[in-house]
Each structure stands twice: as structure tokens, then as C-alpha cells.
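Asker: got a structure for you, letters missing:
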């Protein structure tokens, strides 16, 4: 039982390059989330998917797209990376119903955009 | 969601109880208090949550004042591995329509040997 798995763990991009961050959970959770964390700051929600087939914008969605591929997988895509997107990215998931606020996080992807 | 106020940092000696305060004076009747922690470079970890009664689990205890305007997270016997940023979050039950949690800057708890 791996929980929430993110790949890759580290990535360096050049400005303008694209990439997809992968996230998968094996807990049969309905809801999945993408957060970013910049140095000295709290986590900020980028996008979330309340259930399979739905996605919604969070606090900082600009420059990102997401795909809820199936119940297990939720990917985050940077179409044209910018230095302002240098950050640590965390994926999370939560169970349905009254446990929606109990989030399980992955170990993060450290992304540097040069 | 109600705003929370936490001290930016705290120290605690190893083996002692760590008491982390959180002020949430504008909390509404249907809002829960959640605590998470984030150990350096890892993803946040859920600790505990409560509505109005005190709660205890294997990780910590949560004491909520009778007027619910503040709460304290207690780590009964702090170890070096408890050094982390602790986040207090106030949030109404979303009724099944999950839309994530808002994390502030939290309290950086440093356990001293």
C-alpha cells in the first residue's frame, strides 16, 4: 500500500519547455489535489478533482492544466514552463464523504525552471 | 473559512510536552479545527481534528476552548522527529464536495535535544 505516489521527484526545465507531473493513489479515494509550495510559504491549491471526471481551479491555476485520467491518477501539466513555476509540487487525495478534509499527501516533486 | 493565527516558531525540550496554540476567534458553529504537520521536504501529514470536544489519538491531543475561539495541539512527549511546521486549519465540513484545504504559514516547532 504505497498511498500517494508522485513522479518524478526532481526535474529541471528550461523556460518554455513542457512537462507532466504524475500522481497516483491506491487508496480508492474520490478526490485528488495539486498544491505548490514556495520557500517560506504555505501550500497553495492549483487544481483539484472532487471526483473522477471533474476538475476545478484552485487558488493559483494559471499556467497549468490537469487531467483526471481515472480514479487513481491525476496529472498536472505545464505547457510552457516559466521561472515563476519553480516550486515544490505536492499531490494529495482524500476519501469521500465526511473525510474529505483528511488529505493524504505524496512526497513532492521539486521543479526548477531555468 | 475562519482565519487562524499561530506563532511563527516555538521551541520545546525533547521529552517534554509541546503545546502549540491556535487562535480562531471568528470560527463558526459548523467549522472544524484541523491540524497537519510538515516535516522538512515531505508532504503534510494529517494529525487530528475536532469540532468542540477534546480529541486524542496516537499522535496528539487537541484541546478546544469552550467558546471554540482557540485551540491547543499537544504532543505529550516530544521527540526530535516532531520538529516540523504545524498547520492549524479551520474548515466547515464540505458536505462531500471536496475542494481542498487552505494552508497558512503555520508554526515551526523545533525540538531541542
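Answerer: Cool, the structure landed. Owing to the predicted nature of the structure, the values given are computational and were not obtained by experimental measurement.

Asker: now do the contacts for the residue nearest to residue B:76 when sequence neighbours are not counted.
Answerer: Spatial nearest neighbour of residue B:76, excluding adjacent residues (Cβ to Cβ, 6 or more residues apart in numbering or on different chains): residue B:17 at 5.3 Å. For the C-beta atoms, the positions are set from N, CA and C on the backbone; glycine is no exception. Contact analysis of residue B:17 by Cβ atoms under 8 Å, 6 or more residues apart in numbering or on different chains lists B:74-78.

Asker: phi and psi next, for residue B:17.
Answerer: phi -80, psi 130 (degrees, to the nearest 10).

Asker: residue B:7 now?
Answerer: Torsion angles, degrees, to the nearest 10, at residue B:7: phi -70, psi 140.

Asker: near it, how many other residues are there?
Answerer: 13 (other Cβ atoms under 10 Å in any protein chain shown).

Asker: in chain A, which residue is closest to the centre?
Answerer: In chain A, the centroid-proximal residue (Cα atoms, centre = their mean) is residue A:34; its distance is 2.8 Å.

Asker: partner strands of the helix or strand hosting it, with direction?
Answerer: Assessed by DSSP states H and E, residue A:34 sits inside strand A:31-37. For strand A:31-37, the paired strands and their directions (DSSP bridges) read strand A:43-49 (antiparallel), strand A:87-94 (antiparallel).

Asker: quick one: contacts of that strand?
Answerer: A:21, A:23, A:25, A:43-51, A:58, A:60, A:64, A:66, A:68, A:74, A:76, A:85, A:87-96, A:100, A:103, A:108, B:98, B:100, B:103.

Asker: buried sites along it?
Answerer: By neighbour count on 16 or more other Cβ atoms under 10 Å in any protein chain shown, the buried set for strand A:31-37 is A:31-37.
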